[in-house]
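Q: from the sequence below, what's the structure:
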Amino acid sequence: MVSERSTQSHNRIKQHDPSPLERHAEESGVLEGFLEWVNAALDALGSLVNAPLAHPPSSRRDLKMPRKIGYIAVPFEIRFWSKVNKDGPGGCWLWTAAKNSMGYGNILFEGKIRFSHRRSWEMANNQKIPPKMVICHRCDVPACVNPEHLFVGTQSDNGLDASRKGRLNTVLPPRRNPTHCKQGHEFTPENTGRQTGGYRMCLICSRASKRKCAKKAWDLKKQARA
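A: The predicted structure is shown next:
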């Protein structure tokens, strides 16, 4: 129910006479021009909001397209170094973003998850990492991306470097041509056989394994008959 006071207020507004300033604005067309300008501005704003994006969200995974913040394209180098703390101990530049379980930094590059220290070396040297090569740390800090602390080498070089620094629990001697099997039997011509693929095998250990399997099968057969 509308109150009497609100009804009276509505009647006063309805019976209100325009002021001289309002009558002058209506007669001179200033008010109509202002309303036309407001309508044009609203139309332009609506067309801007409803306009399609230059790159729809579904195409932002394009390999050659940089990451975006709104409509601003962010180069990969800026995005990369914004995640680095250059005040680490020992001159290390520590990766502050995502890391794997081993502590190595990860970053999305060309649609793939890459190690941050590998990308740091590539950007510093302006070249791709050679095939079958790895990037090793002189500082032994997995999260470090300082190019001065990185060097390229093979996986063997990486293992030897870790061995020299005492970062490996055990250092196994090379077993390319062992003279004895794991049980200590010598590989003589009489005691050497060949497996599928040409690998050597100890005949003494092979016979012992066959006897063990045969005994186990005989015991199971006896249990089944009992």
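
Q: lowest-confidence helix or strand of this structure?
A: Per-element confidence for the chain was summarised using mean pLDDT, DSSP states H and E. The lowest value among helices and strands belongs to strand 68-69, with a mean of 50.

Q: hey, where'd the helices end up in the chain?
A: Secondary structure of the chain by DSSP state H: the helices cover 4-14, 20-28, 30-50, 76-81, 116-125, 155-164, 203-225.

Q: which one of those helices has the lowest average pLDDT?
A: Set side by side, the helices of the chain show their lowest mean pLDDT on helix 4-14, which sits at a mean of 52.

Q: distance check, residue 217 against residue 211.
A: Applying Cβ to Cβ, to the nearest Å, the value for residue 217 to residue 211 is 11 Å. In this view, the C-beta of every residue, glycine as well, is placed from N, C-alpha and C.

Q: what do you get for residue 187?
A: 21 Å.

Q: name the residue in these two with the higher neighbour count.
A: residue 187 (17 against 10; other Cβ atoms under 10 Å).

Q: quick one, phi/psi of the more buried one?
A: phi -80, psi 80 (degrees, to the nearest 10).

Q: run a quick neighbour tally on residue 180.
A: For residue 180, the number of neighbouring residues by other Cβ under 10 Å comes to 11.

Q: look up how far residue 201 lies from it.
A: Distance from residue 180 to residue 201, counting by Cβ to Cβ: 13 Å.

Q: please apply the same query to residue 74.
A: Taking Cβ to Cβ as the measure, residue 74 and residue 201 are separated by 59 Å.

Q: and these two? Which one has more around it.
A: Per other Cβ under 10 Å, whichever of residue 74 and residue 201 has more neighbours is residue 201, with 15 against 12.

Q: can you pull the contacts of that one?
A: Taking Cβ atoms under 8 Å, 6 or more residues apart in numbering, we find residue 201 in contact with 181, 192-195.

Q: from residue 195, how far off is it?
A: In this structure, residue 201 and residue 195 are 5 Å apart, going by Cβ to Cβ.
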